[in-house]
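Asker: Okay, structure incoming, though there's no sequence with it:
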């Protein structure tokens, strides 16, 4: 079963159970995947699929933070609920320990010595992890190790 098929099936289950939050976010995800497929004029591959989902996750996190800062707690909570639903469709993310091991390995490979090498290190981390690293965690670890 393809990713889109699984999302569609989960959306139908959510619709039948009356879960409006899950139904709406899955409907949005399906429409964005379809849009990507139309733009490409071909079926999308796994990387493109995860790219669409990661973009939605990033948007939901940013808007939840903005709502939180503005004191709109009910909207922030809604964004967090949608985020929990979407995360299910992401690949398994490396733990902080696994991320630290990868960061150390890449710093050694590149002979990075200070923060000016951060861009080079981060690019390799994201490339070698195939999207399985949380960028915020990797960024923080690289900064700590290159100080």
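Answerer: Everything's here; your move. Every value quoted in this text rests on a predicted model; they were computed, and no experiment measured them.
Asker: Now do stretch 81-99: everything it contacts.
Answerer: Outside stretch 81-99, the residues that touch it by C-beta atoms under 8 Å, 6 or more residues apart in numbering are 3, 6-7, 21-22, 24-26, 29, 50, 53-54, 56-57, 60-61, 64, 102, 129-134, 137-138, 141. For glycine as for every other residue, the C-beta is placed from the backbone atoms N, C-alpha and C.
Asker: longest single helix anywhere in the protein?
Answerer: For the chain, the helix with the greatest residue count under DSSP state H is helix 46-69.
Asker: Show me what counts as buried in the helix or strand just after that one.
Answerer: Sequence-wise, the next helix or strand beyond helix 46-69 is helix 73-87, with elements assigned using DSSP states H and E. For helix 73-87, the neighbour count (16 or more other C-beta atoms under 10 Å) marks 76, 78, 79, 81, 82, 83, 85, 86 as buried.
Asker: next one: stretch 98-110
Answerer: Taking 16+ other C-beta under 10 Å as the neighbour-count basis, stretch 98-110 is seen to contain the buried residues 99, 100, 102, 103, 106, 107.
Asker: For the fifth one, which residues are in contact?
Answerer: Under the criterion of C-beta under 8 Å, 6+ apart, the contact partners of residue 106 comprise 112, 121, 124, 125, 128.
Asker: show me what contacts the residue nearest to residue 46 when sequence neighbours are not counted?
Answerer: With C-beta to C-beta, 6 or more residues apart in numbering as the criterion, residue 46 has its nearest non-adjacent residue at 7.7 Å, and that residue is residue 3. When contacts are counted by C-beta under 8 Å, 6+ apart, residue 3 touches 33, 46, 49, 89.
Asker: so what's the residue positioned nearest the centre of the chain up against?
Answerer: Per C-alpha atoms, centre = their mean, the C-alpha nearest to the average position across the chain is that of residue 54, at 3.0 Å. With contacts taken as C-beta under 8 Å, 6+ apart, residue 54 has the following neighbours: 90, 131.
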